[in-house]
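Enquirer: dropping the sequence and predicted coords here.
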Amino acid sequence: MSGTFSDFAVLRSAPAPTVGADDEVDTAASKPVSQEKVPLTAVEPEGSPRGGIVVLHEAREIPDSLKDLLRALALEGWLAVAPDLFHRGHGDDKEVFGDDLFADFDATSDWLVQRGVYSDCIGVIGFDDAGTAALIVATSRPVGAAVSVAAAGIVEPLNSDAVALVDAAPKLQAPWLGLYGENDPHTPPEHIEALRDAATRASVATNVVSYSGVEHRADHPREQPGSSDDTDPAEAALVDAQTRIFDWFDSFMR
C-alpha cells in the first residue's frame, strides 16, 4: 500500500571482539550495544518498489518541499525515505558527518533491504550540507547512485568530521550527479569548476551541472504551484534539474 508514514531504523551493533585462547576478555567491552533507533519519514510507491532513495536533509523538521520530493520519487516507483540525522540531540546547527552519518545511513539502508530493496538499488540524495554528506556517503558505501544539490565545503571541509569535496570526489564509488547554482555564494563558480575537474578522476560516471541563479532546486517550493511557463528560465531550470535527478537514478539503478 502506498502512502507516507513514520518508522525507525535500528543502528547496527558493534561487532564482538575477536580473542585468542590466551587473550583476556573485557566483559564490559563485549556487552551488547543498546539498540539506538533512527527516526524515519518514508513514502511508499504503488506496488513493489523498484529500489530505494535515501533523502538526507539538514534540519530536524522535514520541510513540505522535501516531502513533495519524497512523494515525487515514490511516484517514480522508488521507496523514498528520509532519516532524522539529528536524533542524537546535538542541535539543529551541527552538521552530521563522520561516524554518525555513516551509522545512520547504514541503518536506513538495512531498513530498505528488509523491505525487499536490493543493496545496489539504493540511491542517496542531499541538499546543501546534506548534499555534501551524500557525496561523502558515495565514497565509502556501495550505493547505486548519488545526487548532491548545492553541496558546500568544496575546497575546505565544512567541519572536522567532513572532508573537502575536491578530495572526496576522486574516491567516488557510485555514479554521482552534482547540481549547482552559479549565483550561490557558498559555492562560487571557481569552486564548482575545481570540483568538476576532481570528479573526472573518479572511476565512476560523474556529472557537474551549473545553472544561472538558484531556481533549479527541487527542495524549494515554486512561486505558483500548479502553474508552469516553459519560457520562464527559472521554471525551465527547475524542470531540467528534476529531470536530471530522476534520469540519473533511472540510468544507474535498474
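Expert: Sure, I can see it. Residues are numbered from 1 along each chain as shown.

Enquirer: the stretch 101-250 of the chain: helices as residue ranges?
Expert: Assigned helices in the stretch 101-250 of the chain, in chain order: 129-137, 165-168, 189-199, 233-252 (criterion: DSSP state H, counting those that start in this stretch).

Enquirer: redo those as a markdown table? Include mean pLDDT and distance to residue 66.
Expert: Backbone N, C-alpha and C define where each C-beta goes, glycine included. Output for those, formatted as a markdown table (pLDDT from 0 to 100; distance: least, CB to CB, whole Å):
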| stretch | mean pLDDT | distance to residue 66 |
| --- | --- | --- |
| helix 129-137 | 96 | 10 |
| helix 165-168 | 98 | 22 |
| helix 189-199 | 97 | 23 |
| helix 233-252 | 91 | 13 |
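
Enquirer: give me the neighbour count for residue 46.
Expert: Per other CB atoms under 10 Å, the neighbour tally for residue 46 reads 11.

Enquirer: oh sorry, the question was meant for residue 61
Expert: The number of residues packed near residue 61 is 10, by other CB under 10 Å.

Enquirer: ok, the one 4 residues further on next?
Expert: Counted by other CB under 10 Å, the residues lying close to residue 65 total 14.

Enquirer: for residue 97, find the nearest of the helices of the stretch 101-250 of the chain.
Expert: When the helices of the stretch 101-250 of the chain are ranked by distance to residue 97, counting by CB to CB, first place goes to helix 129-137 at 6.3 Å.

Enquirer: which stretch among the helices of the stretch 101-250 of the chain comes nearest residue 51?
Expert: Minimum separation from residue 51 across these (CB to CB) falls at helix 233-252, 7.6 Å.

Enquirer: so which bits of the closest one are buried?
Expert: 234-238, 241-242, 244-246, 248-249, 252 (16 or more other CB atoms under 10 Å).

Enquirer: as JSON lines, the helices of the stretch 101-250 of the chain with distance to residue 155 would be great.
Expert: As requested, these are exported to JSON lines (distance: least, CB to CB, whole Å):
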{"stretch": "helix 129-137", "distance to residue 155": "12"}
{"stretch": "helix 165-168", "distance to residue 155": "6"}
{"stretch": "helix 189-199", "distance to residue 155": "6"}
{"stretch": "helix 233-252", "distance to residue 155": "23"}
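
Enquirer: for residue 183, find the nearest of those.
Expert: Nearest to residue 183, of all those, is helix 189-199, at 9.2 Å by CB to CB.
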